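# I need the structure of the sequence given here:
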Amino acid sequence: MRAPILALLLTAAPLAAQMGGGGGGRGAAQAPRDTARRVLTIPGLRDGQSMFPLANYREMQPRQWGVMDFAHYHTTAELNYWMQRWARERPEIVELVQVGTSFGGQPIWQLIVTNKSTGKHTDKPAAFFEGGRHSGEITSSESVLWLAWHVIENYGKDPAITRLLDQSVLYLRLNNNPDGADMYKLTPMANRSSVRPVDNDGDGLLDEDSGEDLDGDGHIRQMRKFVGAGNGTHVIDTMDAKGRLMRQVGQGRGDYMVYPEGIDNDKDGRYNEDGVGGLDLHRNYPYNWRPMEEATGRGQTQFGAGEYPLSEPETRAVFLWQVRHPNISVTNSMDTSVPMHLRGPSTCLERECVFPSDLKLLQHYDSVGNSLTNYGLAGDVYWTYGTRGQPAGQERPTPLFGHGPDFGYFQMGQVWYGDELWNGGREIDYNKDGRIDQYEVLRYNDERFGGRGYQMWTKVMHPDLGEVEVGGADPKFWSQNPPAEDLERWAKNQAMFNLNMAMDLPKLDIPNVEVRRLRGAQRDSATHEVLVRVRNSGRIPTALEQAKRVHIVRPDALTIEGGGLRTVGPRIQEFWVGGFETKTVTVRVIAPAGQTVEANARVTSTRGGIADAPVVIRP
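All right, here's what the predicted structure looks like:
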């Protein structure tokens, strides 16, 4: 194995390639792009290329610097700018904290959005929404950005949002993988998640065979090579008169060989099979984690899982925030694309491993999600996602290990989704045959977006193959993410589903306290009973059944103290409160004789917040 090539980090700092960090001075929003720098250097020691030419995508261009719009994708620098601006301009409801550092050394930022004057955020019910885990699935970041913008702009104007931020807290992680996002947004390159070098093809080399943008259009598309009738694997799909589509027909039946755009750098007969990175941050969670390799050859493995659970700082930054903030009841950690409202379980049938009452709640949100987004697909990872497209009666689901939704439900006891945004242009079934094929996707792109999602095949000279043609679908702003013109629809619809779940967070209050004088001598010397009605105004219970099983939260607790009042029996009354439930908790007390007693009833809940009510006992 030859020595890895050192990535020269100083050649082009990731954020320097776009708008400045934006934290500070007047005019920061108008900072121009740094056009002097022509490359982006990807952190890490690898055997292949680390410096890639900058791309200048129209989809990354804001309409006006410093003015929010959702007709373009935001760079890491822009996302940071908006978070810093909100924290500076709206300090009464916005706090910005660094919660980790990426593999490449960039800060990972967390927005905390709540009315600070109504209490500490850790004393309030919480929801956590994350985007940007997978490098190229950038629509997810835009949806979290849209939600942040929506609630911050409408606090004090919209009664429902004002009430939400008064009573609850939103933890918003806009970009959990800034290294991967920079590479995707600023260069022709793309990968799954982290940029940490990995040997994807098992040849002992790290990241030695990435793609090359042979035609200089800023994308790694497809390339086709005419090899003669009956010598290839593909033919030109005649459904498209312009010949933009290729159809796979099998070896020896086609006229063309089709490859990813690039060069076989390691001469193993494959193209782009070991590009930058290769780990999957969504297989790196600790619950039911499996290694990428195991010793027997008969055990379960998980591609992309990392060296060990939480080996990656980006996943660790989510994990630590979650376990240190048990007030979180709802999480959506989003990706692209299916689309689907996606939740656990990932390794078993839901009817076998999810509590019935929890499953009923999850299925409710499956339905709500589809009603708001029209994704059409919602449910569990193992069966609903794992068998989609398979013939009825022949379903064979494949388990996913170390998966976020399983960590979220089984270990954290949360309503946890890992939603997939964007449908890849599968909008219209023109021939009404029950499926949408590649020609119908192309036709929709032609009619709605003027065909910008596809490039005509262009001849280029290849160092090994000779003359080839490069073309096909836009891999970034069509296949994996919506065109910029359609971005806000997808970002907003998903954000509204997340907002709906946040509105359903458990929230305890005490609507009524009743005091009853006890007549006659009591065996326990109690003089009064205090009946405290504890109400959960949220649909979500203060603890899912799974949360109770794993003891991730403490029981809800009621105490009555002050005024010389003494509680008979346990000082703390423990219980759970279901969704939309009002529970009456009775406490027997001994009150000082002959005087008015003023005490306080307090209910504390890990996930339902804190509520107080006066208790007055008159002589």
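# identify the residue spatially nearest to Gly408, adjacent ones excluded.
Trp416 (2.5 Å; C-beta to C-beta, 6 or more residues apart in numbering). Bear in mind the C-beta positions are built from the backbone N, C-alpha and C, glycine included.
# now do the contacts for that neighbour.
In this structure, Trp416 makes contact with 330-333, 343-344, 404-405, 407-409, judged by C-beta atoms under 8 Å, 6 or more residues apart in numbering.
# repeat the analysis, applying 7 Å as the threshold.
331, 343-344, 404-405, 408-409 (C-beta atoms under 7 Å, 6 or more residues apart in numbering).
# that one - that's part of a strand, no?
Yes - Trp416 forms part of a strand when assessed by DSSP: H, G, I helix; E, B strand; the rest coil.
# so His121 makes contact with Val113?
No - here His121 lies out of contact with Val113, judged by C-beta atoms under 7 Å, at a distance of 8.7 Å.
# who has more neighbours, those two?
Shown here are His121 and Val113; by other C-beta atoms under 10 Å, Val113 has more neighbours (24 against 19).
# please report phi then psi for the more buried one.
Note on Val113: backbone dihedrals following degrees, to the nearest 10 are phi -120, psi 110.
# what about the nearest residue to it once chain neighbours are set aside, which SS state?
The shortest distance from Val113 to any non-neighbouring residue, by C-beta to C-beta, 6+ apart, is to Leu170 (4.4 Å). Judged by three-state DSSP, the three-state class of Leu170 is strand.
# could I get the average pLDDT for stretch 234-241?
Per-residue pLDDT over stretch 234-241 has a mean of 98.
# could you work out the end-to-end span of that stretch for me?
By C-alpha to C-alpha, to the nearest Å, the extent of stretch 234-241 from end to end equals 17 Å.
# Val144 is in contact with His74, correct?
No - the pair His74 / Val144 is not scored as a contact, 10.7 Å apart, by C-beta under 7 Å.
# who has more neighbours out of these two?
Using other C-beta under 10 Å as the criterion, His74 and Val144 rank with Val144 on top: 28 against 25.
# secondary structure element for that one?
For Val144, the host element (DSSP states H and E) is helix 139-154.
# name the residues that touch that helix?
68, 70, 73-74, 79, 82, 86, 90, 93-94, 111, 113, 129-132, 161, 165, 170, 172-175, 334-336, 421-422, 481-482, 487, 490-492, 494-495, 498-499.
# next one: the following helix or strand past that helix to chain centre, how far?
Later in the chain than helix 139-154, the nearest helix or strand by DSSP H and E is helix 159-167. Relative to its chain's centre, helix 159-167 lies at 23 Å (C-alpha atoms, centre = their mean, to the nearest Å).
# my read is that Pro197 contacts Ser210, right?
No - using C-beta under 7 Å, Pro197 makes no contact with Ser210, being 11.0 Å away.
# pull the most distant pair out of the contacts of Trp416.
Within the contacts of Trp416, two members stand farthest from each other by C-beta to C-beta: Thr331 and Gly344, at 11.2 Å.
# list the residues that contact both of those two?
Here Thr331 and Gly344 have 408, 416 as joint contacts, going by C-beta under 7 Å, 6+ apart.
# low-confidence stretches in the chain?
Within the chain, the segments meeting pLDDT under 70 span 1-37.
# what ranges do the helices span in the stretch 1-150 of the chain?
Using DSSP state H, counting those that start in this stretch, the helices of the stretch 1-150 of the chain run over 76-89, 139-154.
# need those in TSV (columns: distance to Gln61).
Listed next are the helices of the stretch 1-150 of the chain as TSV, based on distance: least, C-beta to C-beta, whole Å:
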stretch	distance to Gln61
helix 76-89	11
helix 139-154	14
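# so which of the ones you listed is the most surrounded?
Most buried of the helices of the stretch 1-150 of the chain by mean neighbour count (mean count of other C-beta atoms under 10 Å) is helix 139-154; its value is a mean of 24.
# for that helix, C-alpha coordinates in PDB please.
The C-alpha coordinates for helix 139-154 follow below in PDB (Å, rounded to 0.1, in the frame of the first residue of the first chain):
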ATOM      1  CA  THR A 139     -33.300  19.200   1.000                       C
ATOM      2  CA  SER A 140     -33.400  18.100   4.600                       C
ATOM      3  CA  SER A 141     -31.300  21.100   5.700                       C
ATOM      4  CA  GLU A 142     -33.600  23.400   3.800                       C
ATOM      5  CA  SER A 143     -36.600  22.000   5.600                       C
ATOM      6  CA  VAL A 144     -35.100  22.600   9.000                       C
ATOM      7  CA  LEU A 145     -34.000  26.100   7.900                       C
ATOM      8  CA  TRP A 146     -37.600  26.700   6.700                       C
ATOM      9  CA  LEU A 147     -39.000  25.600  10.000                       C
ATOM     10  CA  ALA A 148     -36.500  27.800  11.900                       C
ATOM     11  CA  TRP A 149     -37.300  30.800   9.800                       C
ATOM     12  CA  HIS A 150     -41.100  30.200  10.000                       C
ATOM     13  CA  VAL A 151     -41.300  30.000  13.800                       C
ATOM     14  CA  ILE A 152     -38.800  32.800  14.400                       C
ATOM     15  CA  GLU A 153     -40.500  35.200  12.000                       C
ATOM     16  CA  ASN A 154     -44.000  34.300  13.300                       C
END
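# having no further points to raise, I will conclude here.
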